[in-house]
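In: A structural model of the following input is requested.
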Amino acid sequence: MAIIRALLVLALLGLHPFAWAAQLETAPTATNAAPAQPTGRADFTVATRKVFVFRATLAGHSPQDRLEAAQRRLDKALSAKGPQRATVNGLAEGSQVLLDGAPLFLVTPADINLLADDTPQDVAHDSARKLERALAARREASDPRVLVEAAALCVAATLAYVFVLRALVLLRSAVKSRFERLLGVRLARVSFRNVRLLDAHLYVSFLRQVTMAVVWGLRLLATYIWISFLLGEFAYTRSWGEWLKGYLVEMAVGIGQSMAAAIPGLLVVLVIAALARLVMLTAASVFKRVESGELQVGWLDQDTAAPTRRLVNIVIALFALAMSYPYLPGSHTAAFQGVTVLAGLMVSIGASSIVAQGAAGLILMYTRSLRKGEYVRVGDKEGTVVDMGMFETRLCTGSGEEVLMPNAWVLSNTTSNFSRDGVIDDGFVTEVKVTVGYDTPWRTVHALFEQAAGATQGIAAEPKPFIVQAALSDFYIEYRLCAHAAAVSPRARAEVRNRLHQNVLDGFDAAGVRLTSPHFHHVAGSVDGFPVHASK
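Out: Numbers count the residues shown, from 1 in each chain. A predicted model of the protein is given here:
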């Protein structure tokens with residue numbers, strides 16, 4: 001406030017009637033004197049108002065020479081104490097601007113901008129109007145009564161400005177306290193299963209910052225209007241005040257026009273979004289019926305209905321975005337296009353692995369290699385499929401371990417599925433593989449396997465477990481027990497396999513059958529012409 005008061009005092013002192021009188025004494029030489037102009041143009045300024053710009057050389061006289069001559073003519077016309085009325089006279093060379101019948105300067109075609117469709121006559125009339133306003137400001141500046149009235153209005157405007165600033169401070173405090181109470185009460189009621197979901201202090205802090213920004217914006221606007229009003233009340237600063245007011249009005253009109261121009265495009269975007277949402281809802285209702293089994297489609301089943309629905313929604317959303325892009329405000333600007341190109345470049349460079357994982361996930365889903373709840377072996381990982389996503393597949397081994405496998409890795413490895421023999425629903429096939437020497441009859445091994453499978457809780461009696469000789473190696477026979485189990489949870493499956501292994505070990509140990517694989521190697525020497533072999 002001290003700065004504002006100092007500016008006001010300086011303005012009042014600088015606009016004192018005696019100071020203006022002293023300036024008027026030297027008005028013909030000081031007020032109308034123009035500063036040095038760049039080569040090729042000269043501004044004709046009266047009372048801080050630009051009346052005309054000399055650009056062309058006329059009859060060997062440069063723009064600066066023409067400016068000085070116009071100032072001398074203006075000083076001579078003002079000394080005549082006439083009514084100070086500006087007129088325009090058309091000549092063959094251009095249009096002449098006169099003051100009280102005395103010529104001041106000539107507007108030639110070389111002085112105007114022909115590309116803007118200006119004519120010497122139009123520019124001359126505009127310059128005459130500006131000259132009359134500038135001279136009226138000079139006359140007004142010499143009237144003490146007008147100066148006193150302007151100073152009084154400035155004081156009243158300053159008091160109103162101070163009142164507005166104070167009101168904004170009170171408004172900020174009132175809005176902050178009221179909204180803090182409302183948010184504290186309303187957000188405390190937002191809960192899920194007796195757990196409060198939102199923190200009120202975060203929203204209160206955000207609202208406080210927004211309120212502060214709005215109040216400061218209103219303060220700056222009030223300061224802008226106050227300064228433009230003060231400048232507009234005095235003659236020699238009125239042009240600056242008019243420029244500030246014009247800039248504010250032009251900016252407000254530009255904002256309003258931009259908003260009005262964006263409304264039709266936004267309406268089109270809303271229509272496209274509504275239609276896309278309607279298509280998504282229609283597709284979702286169809287896919288949900290396929291997923292629930294109510295609707296049978298040849299190329300679509302319950303397992304692929306959900307991912308297909310998500311893919312269809314993505315395609316519809318991308319199509320709607322492409323259709324609505326030209327109607328988005330600012331979509332045709334270079335900045336908007338540059339940002340979209342940069343975003344596309346970043347996605348194309350950094351998302352190659354993501355795209356590969358997503359494509360592998362789609363292949364696994366639509367080829368039905370795996371399904372949720374199946375017991376599989378992928379590479380050296382074995383367990384129950386608990387989730388299949390777009391980018392990864394999760395297995396649960398049943399021993400407290402969850403294995404996360406990228407879909408590209410799953411697709412590149414051999415997959416063994418133990419849940420698709422078509423005999424037991426929601427079950428799986430488990431196997432035990434052992435190697436026994438040739439000295440043990442294979443019927444004994446089969447009987448021990450059957451005994452272990454029958455004693456294992458969780459192994460189905462029907463279909464009956466079966467044993468096969470998987471390989472006849474050089475030194476041992478490889479036996480494999482295949483049995484069906486009805487367990488569905490990962491933990492239950494792990495327990496069934498554990499009990500089966502225990503019973504196999506107990507049965508073979510009780511029968512005296514060793515599960516170690518014998519190997520033979522040659523030794524030096526022979527007996528009766530035959531080489532001697534020793535087991536190891």
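
In: Helices of the stretch 101-250 of the chain, residue ranges please.
Out: 120-141, 144-188, 200-232, 238-292 (DSSP state H, counting those that start in this stretch).

In: just checking, what packs against the longest one?
Out: Meaning helix 238-292. Applying 3 or more C-beta pairs under 8 Å, 6 or more residues apart in numbering; DSSP states H and E, we find helix 238-292 packed against helix 200-232, helix 302-324. Any C-beta I mention is one placed from the backbone N, CA and C, and that applies to glycine too.

In: can you redo these as JSON lines with mean neighbour count, mean pLDDT and distance to residue 239?
Out: Formatted as JSON lines, the helices and strands packed on helix 238-292 follow (neighbours: other C-beta atoms under 10 Å; pLDDT from 0 to 100; distance: least, C-beta to C-beta, whole Å):
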{"stretch": "helix 200-232", "mean neighbour count": "15", "mean pLDDT": "84", "distance to residue 239": "8"}
{"stretch": "helix 302-324", "mean neighbour count": "15", "mean pLDDT": "85", "distance to residue 239": "46"}
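
In: Between the ones you listed, which one is closest to residue 383.
Out: Residue 383 lies closest, by C-beta to C-beta, to one member of the helices and strands packed on helix 238-292: helix 302-324, at 18.9 Å.

In: angle of that closest one against helix 238-292?
Out: Interaxial angle of helix 302-324 relative to helix 238-292 (axes from the mean of the first three to the mean of the last three C-alpha atoms, to 10 degrees): 160 degrees.

In: got CSV for the helices and strands packed on helix 238-292, with distance to residue 169 too?
Out: Compiled in CSV, those are given as follows (distance: least, C-beta to C-beta, whole Å):
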stretch, distance to residue 169
helix 200-232, 8
helix 302-324, 44
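
In: List the contacts of stretch 294-306.
Out: By C-beta atoms under 8 Å, 6 or more residues apart in numbering, the residues outside stretch 294-306 that reach it are 286-293, 308, 365-366, 368, 371-372.

In: Give me the ChimeraX select line for the residues you listed, limited to the buried ones.
Out: Buried members of the contacts of stretch 294-306 can be picked out in ChimeraX with the line below, counting by 16 or more other C-beta atoms under 10 Å:
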select :287,290,291,308,365,371
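
In: Which one of the contacts of stretch 294-306 is nearest to residue 199?
Out: For the contacts of stretch 294-306, the nearest to residue 199 is residue 288 (35.7 Å; C-beta to C-beta).

In: Need the pLDDT of the closest one.
Out: Listed pLDDT for residue 288 reads 85.

In: Residue 479 too?
Out: pLDDT, read off for residue 479, is 92.

In: That one contacts residue 472, doesn't it?
Out: No. Assessed by C-beta atoms under 8 Å, residue 479 is found out of contact with residue 472, at 10.7 Å.

In: Comparing those two, which residue is more hemmed in?
Out: The residue with more neighbours, out of residue 479 and residue 472, is residue 479; 22 against 9, by other C-beta atoms under 10 Å.

In: Quickly find the element holding the more buried one.
Out: strand 476-485 (DSSP states H and E).

In: Packing partners of that strand?
Out: Right, strand 476-485 is packed against strand 428-437, helix 442-454, strand 466-472, helix 490-510 by 3+ C-beta pairs under 8 Å, 6+ apart.

In: And the contacts of the third one?
Out: Residues outside strand 466-472 that contact it (C-beta under 8 Å, 6+ apart): 433, 442, 445, 446, 449, 450, 477, 478, 479, 480, 481, 482.

In: residues in contact with the nearest residue to residue 414 once chain neighbours are set aside?
Out: Nearest non-adjacent residue to residue 414, counting by C-beta to C-beta, 6 or more residues apart in numbering: residue 379, 7.1 Å away. By C-beta under 8 Å, 6+ apart, the contact list for residue 379 reads 409, 413, 414.

In: Which of these ranks first by neighbour count?
Out: Top of these by neighbour count (other C-beta under 10 Å): residue 409, with 15 neighbours.

In: can you tell me how far it sits from residue 182?
Out: Relative to residue 182, residue 409 is positioned 53 Å away (C-beta to C-beta, to the nearest Å).

In: now the stretch 1-150 of the chain, which segments are flagged as low pLDDT?
Out: 1-39, 141-143, 146 (pLDDT under 70).

In: for it, what spans make up the strands?
Out: Secondary structure of the stretch 1-150 of the chain (DSSP state E, counting those that start in this stretch): strands at 42-46, 49-54, 86-90, 95-99, 102-107.

In: quick one: which of these is nearest residue 187?
Out: The nearest among those, by C-beta to C-beta, is strand 49-54 at 58.0 Å.

In: what lines up beside that closest one in the sheet?
Out: Next to strand 49-54 in the sheet, as set by DSSP bridges, lie strand 42-46 (antiparallel).

In: show me what contacts residue 375?
Out: Taking C-beta under 8 Å, 6+ apart, one finds 382, 383, 384, 385, 417, 418, 419, 428, 429, 493 in contact with residue 375.

In: Pairing partners for the nearest residue to the fifth one once chain neighbours are set aside in the sheet, please.
Out: Put plainly, it is residue 417. Of all residues beyond its chain neighbours, the one nearest residue 417 is residue 376 (5.0 Å), with distances taken as C-beta to C-beta, 6+ apart. On the basis of DSSP bridges, residue 376 is bridged to residue 383, residue 417.

In: go on, residue 392?
Out: residue 406.

In: buried residues in stretch 492-502?
Out: Neighbour-count burial for stretch 492-502 [16+ other C-beta under 10 Å]: 493, 494, 495, 496, 497, 499, 500.

In: Tell me how many other residues crowd residue 67.
Out: Neighbours of residue 67 (other C-beta under 10 Å): 22.

In: do the same with the one 10 residues further on
Out: Around residue 77 there are 20 other residues, counting by other C-beta under 10 Å.

In: Surely it touches residue 99?
Out: Yes. Using C-beta under 8 Å, residue 77 is in contact with residue 99, at 4.5 Å.

In: residues bridging contact with these two, i.e. touching both?
Out: With contacts taken as C-beta under 8 Å, 6+ apart, residue 77 and residue 99 have residue 84 as neighbours in common.

In: Kindly export stretch 324-332 (C-alpha atoms) in PDB.
Out: The C-alpha trace of stretch 324-332 is given here as PDB (Å, rounded to 0.1, in the frame of the first residue of the first chain):
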ATOM      1  CA  SER A 324     -12.700 -36.800 -32.800                       C
ATOM      2  CA  TYR A 325      -9.100 -35.700 -33.100                       C
ATOM      3  CA  PRO A 326      -9.700 -33.000 -35.800                       C
ATOM      4  CA  TYR A 327     -12.400 -31.400 -33.600                       C
ATOM      5  CA  LEU A 328     -10.400 -31.100 -30.500                       C
ATOM      6  CA  PRO A 329      -9.400 -27.500 -29.600                       C
ATOM      7  CA  GLY A 330      -5.800 -26.800 -30.600                       C
ATOM      8  CA  SER A 331      -5.400 -30.000 -32.500                       C
ATOM      9  CA  HIS A 332      -4.200 -28.100 -35.600                       C
END
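
In: contact partners of it?
Out: 258, 262, 264, 265, 266, 268, 269, 272, 273, 336, 337.

In: Ok, stretch 260-271 next?
Out: Outside stretch 260-271, the residues that touch it by C-beta under 8 Å, 6+ apart are 324, 327, 328, 329.

In: can you do 10 Å?
Out: 259, 320, 321, 323, 324, 325, 326, 327, 328, 329, 330, 331 (C-beta atoms under 10 Å, 6 or more residues apart in numbering).

In: List the buried residues in it.
Out: Across stretch 260-271, burial judged by 16+ other C-beta under 10 Å covers 265, 269.

In: Could you give the average pLDDT over that stretch?
Out: Stretch 260-271 shows an average pLDDT of 89 in the prediction.

In: just to revisit the earlier point, quick one: which of the contacts of residue 375 is nearest to residue 458?
Out: Nearest to residue 458 among those, with distances taken as C-beta to C-beta, is residue 493, at 8.6 Å.

In: can you tell me how far the closest one sits from residue 348?
Out: With distances taken as C-beta to C-beta, residue 493 is found 43 Å from residue 348.
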